[in-house]
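A.B. asks: For reference, the sequence and a predicted model appear below.
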Amino acid sequence: MTSTPTRLRFAAAVMGASALALTACTGPSGTTATSGTATGGTITVGTTDKVTSLDPAGSYDNGSFMVMNQIYPFLMNSAPGSPDPEADIAESAEFTTPTEYTVKLKPGLKWANGNDLDSADVKFTFDRQVKIADPNGPSSLLGNLDSVEAPDATTVVFKLKQGNDQTFPQILGSPVAPIVDDEVFPADEVLDDDSIVSGKAFAGPYAIDSYKKNELIAFKAYDGYQGLLGAPATPTVNMKYYADSNNLKLDIQQGNIDVAYRSLTPTDVESLGKDSKVKVHKGPGGELRYIVFNFDTIPFGAATSDADAAKALAVRQAAAHLVDRQAIATQVYKDTYTPAYSYVPAGFTGAIEPLKDLYGDNGGPSVDKAKATLEAAGVTTPVTLNLQYNPDHYGPSSGDEYAMIKNQLETGGLFKVNLQSTEWVTYQKSRITDYPMYQLGWFPDYSDADNYLSPFFAKDNFLNNNYDNADVDRMISEQRVTVDQAKRTGLIEDIQTAVANDLSTLPLLQGAQVAVAGTNVQGVDQTLDASFKFRLGVLSK
Amino acid sequence: MSSLIELPDAADDPTATAARGRSKAGGSLGRYLLVRFLLIFPTIFILVTLVFFLMRITGDPITAAMGGRLTPDQLAQRISEAGYDRPLPVQYVEYLGQVFTGNFGRTLTDNRAVTEVLLTYGAATLELALNALVIALLVGIPFGLLAARFRDKWPDAVLRVAAILFYATPVFFAGLLLKLVFGVGLGWLPIAGRAGIDSELALTGLGAPTGIYWLDAIRSGNWDALGDVGRHAVLPAVALGLLTAGVFLRLVRTNVIGTLGREYVEAGRSRGVSEYRLLAHHSFKPALIPIITVMGLQIALLLGGAVLTESTFEWKGLGFMLAQYLTARDFVAVQGIVMLLAVIVAVTNFTVDVVAALIDPRVRY
């Protein structure tokens, strides 16, 4: 018979073997790291964004694009301080015929792995985007691209379906356009991150030196980059990823990181603004928040029993008179948003503020004007408005935002607002058919005014809110192909004025870009511009 | 998986009842172990099936991710391309087929091989579980002995209340309190992560790392990193470890009190054996058998607690990733992680059954 101590030893061995077996099952899958520890001059940036994929064909989100902006070359890019596209690794880029956009690359470009960076890589990049068309990818931005040709090693010709597409230079600097190495990336499928890192397929201002997905990235300056952004001010930068913005806030407060970029809560930003050890930097943001009106189902809408277009317009105008954007921005968002009186965000070429002149009292609310508008149209008050918002997609403060909007709309007794919230999965399906008025947020695909106009106000737009104005539709089509930039800007302004009169949507707030940095960090303000590209290369300390 | 073991009375003589136990059940050890082993498979199958259908009820991931930016037609096209518009049974059969061939697929939200996710983050969870187990043993056993020694006196009362508090306090609440006191208030310990940036880079850069940081730091002789890893490990390990420490404390106390009252202990006391020796040797050792058994069973509790602990402390392990993927409705990733957790719990329970059968022949099988 086996004694108890022997059995215990044997049992311990069994448990130990099991633990070892589990350990063997759980070791990391090797590493692509190449370097040791960070140096004293290293900048560390913290963020709550996530990287979906380092492959430009497999992601279309802020977190992934932010990293791509550091490691991949672009044909077009925007210099710090400007949203306008300029040649990056290209010598020139222009329309050589209405349907041909020709780009000449700088000679002698190399990838960090030593491969040649030439026109074949560029053609390969765009062909594979179209071919892969990943559901998580940005290939839809290439809707106007017919084909790509590479007649010689430094020349690329983009053949377009619609001529003189003035948004195409912006497309070449957008998430669909990071150039990839045709000797590393496969032509027909998304490549995993570790293979990209081990293949050293980088030719932007930085290369990735060490990579732990959504945990830590160590960037090291790539000296072969010859593009618009120039050599980075800091040779090594670390990017640390957080899941909880509270931890991000505590780490920037305690000096464990140098910069916190996306996304601190408004309360945290306000709190950090009072901390002498850090500085809050703000720049124009691309996010717009609206109320969308469904022209069929709002009060007096086309599909209601008492349809009356003039009364329906008066209801929309009265709502525009009553909202107090500054109060929402300050009280709910602690000034991390600014009032939006335009359909194109401030900072973009062509942005004007027609809503400021047309409604309210110089940007503030006006009950008197709202009352007069409804009376003039013969609308009996109070009018019942059914307003929907979403609590889980547009940020946790949406509830406070819409509670305040309800109060503002009900001021003066002109409206009675039934406020409802719906979870995102149902909300995004029901908004088109069931909601007369609802919350919407929008981030741009690229930094051009067209991206705030075509998706919303052209015929058959993605809102499906039954808004149809032939003049607006014509001007939207025209501005896309108008080569004369002054004339195009005039058209963009005219579209905004026309839509402000129709009030298809009611813009409320424009998001600000916010970064919090240690007081010894320089360069943050340079990169918080309307291109929405956070360039690590301008940071130093 | 629940254990069918009946825990023995530690004060009984194991060897004296061995034959009786076997004849009652009428089965062999081999048959018992075989049955326990085979039970692993239906357990995992049921869990995988439940997770598959429950996740599908909440909608498809493409709608969740892109519903606000696409027209209904574009959305429908993308859902169709990804195969999420097919009947659920078809998707289920396809998934089972993939699982049987060892293909867990790629995550929908960040395009990673699920096996890579399991391997990368499993090490972090194992490290946390081991750290927590050490805390549980360091707190539970000595204080359990102390409570038994001072039975019904004030130290016993205090420790019993403490034990109840340990396992009744939600782990995320304990974690937040620890962070506030020792991280934010006193500034003694880091509040998030497994290591500082320098240590992370150094340990990640090692050739063939285990992924268990303290082990990698020792292997590479990087003592700075070891200290840093240790500082980061304290708060998560304490938050999770105290949960199990409460169970251990009560268990040690109860079993040691049982053995302290046995006749052979009284005989030892009458012969002048010291109280310390009576407690540490003659009472504690027999009481250890059920503790080892329960220790295995606590793995399931630790893994459940790890989801909350890892999220609280940004300890990027399987629990943390499970919470992230659940939020993103990433079916593929969630299924893979839950399956691994189910395997770990099932295998651990099987191991416990084996251990219990080996060390205590009275176990009925």
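C.D. replies: Noted; the coordinates are in hand.
A.B. asks: Give me the nearest residue to residue 131, chain neighbours excluded.
C.D. replies: With no chain named, the answer covers chain A. A:Asp188 (5.8 Å; C-beta to C-beta, 6 or more residues apart in numbering or on different chains). Every C-beta, even on glycine, is put in place using the N, C-alpha and C of the backbone.
A.B. asks: that answer is for a different chain, and I need it for chain B
C.D. replies: Using C-beta to C-beta, 6+ apart, the closest residue to B:Asn131 is B:Ala237 (3.6 Å).
A.B. asks: Now the strand or helix carrying that neighbour: buried residues?
C.D. replies: If you go by DSSP states H and E, B:Ala237 is part of helix B:223-260. Neighbour-count burial for helix B:223-260 flags B:225-226, B:228-230, B:232-253, B:255-260 (criterion: 16 or more other C-beta atoms under 10 Å in any protein chain shown).
A.B. asks: tell me the pLDDT at the residue nearest in space to the middle of chain A?
C.D. replies: Centrality entry for chain A: nearest residue to the mean C-alpha point is A:Phe443, 4.4 Å, by C-alpha atoms, centre = their mean. With respect to pLDDT, A:Phe443 has a value of 84.
A.B. asks: For chain A, what's the nearest residue on chain B?
C.D. replies: B:Gly122 (3.0 Å; C-beta to the nearest C-beta).
A.B. asks: Which pLDDT value belongs to that residue?
C.D. replies: According to the model, B:Gly122 scores 90 on pLDDT.
A.B. asks: again with B:Gly26
C.D. replies: At B:Gly26, pLDDT is 48.
A.B. asks: The helix holding B:Ala237 - what's its average pLDDT?
C.D. replies: For helix B:223-260, the per-residue pLDDT averages 90.
A.B. asks: Does that helix pack against any helices or strands, and if so which?
C.D. replies: Under the contact criterion of 3 or more C-beta pairs under 8 Å, 6 or more residues apart in numbering or on different chains; DSSP states H and E, helix B:223-260 touches helix B:114-149, helix B:154-168, helix B:171-178, helix B:197-204, helix B:213-220, helix B:284-313.
A.B. asks: ok now the third one, how far from the chain's centre?
C.D. replies: Centre-to-centre, helix B:171-178 and its host chain are 18 Å apart (C-alpha atoms, centre = their mean, to the nearest Å).
A.B. asks: Give me the contacts around it.
C.D. replies: Helix B:171-178 has contacts (C-beta atoms under 8 Å, 6 or more residues apart in numbering or on different chains) with B:235-236, B:238-240, B:242-243, B:305, B:308-309, B:311-313.
A.B. asks: which stretch of helix or strand covers the residue of chain B most remote from its centre?
C.D. replies: What lies farthest from the middle of chain B is B:Asp73; by C-alpha atoms, centre = their mean that is 45.3 Å. Taking DSSP H and E as the criterion, B:Asp73 maps to helix B:72-82.
A.B. asks: I'd like the next helix or strand past that helix.
C.D. replies: Downstream of helix B:72-82 (by DSSP H and E), the next one is helix B:88-100.
A.B. asks: tell me the angle that following helix makes with helix B:114-149.
C.D. replies: Per axes from the mean of the first three to the mean of the last three C-alpha atoms, to 10 degrees, the angle that helix B:88-100 makes with helix B:114-149 is 80 degrees.
A.B. asks: Export helix B:88-100 to CSV, keeping only CA atoms.
C.D. replies: Provided in CSV are the C-alpha atoms of helix B:88-100 (Å, rounded to 0.1, in the frame of the first residue of the first chain):
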residue,chain,number,x,y,z
LEU,B,88,-27.6,29.5,-37.6
PRO,B,89,-27.4,25.7,-37.8
VAL,B,90,-25.3,26.0,-40.9
GLN,B,91,-22.9,28.5,-39.2
TYR,B,92,-22.9,26.2,-36.1
VAL,B,93,-22.0,23.1,-38.0
GLU,B,94,-19.3,25.0,-39.9
TYR,B,95,-17.9,26.3,-36.6
LEU,B,96,-17.8,22.8,-35.0
GLY,B,97,-16.0,21.5,-38.1
GLN,B,98,-13.4,24.2,-37.7
VAL,B,99,-13.0,23.4,-34.0
PHE,B,100,-12.5,19.7,-34.6
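A.B. asks: Show me which residues of that helix are buried.
C.D. replies: B:91, B:95, B:99.
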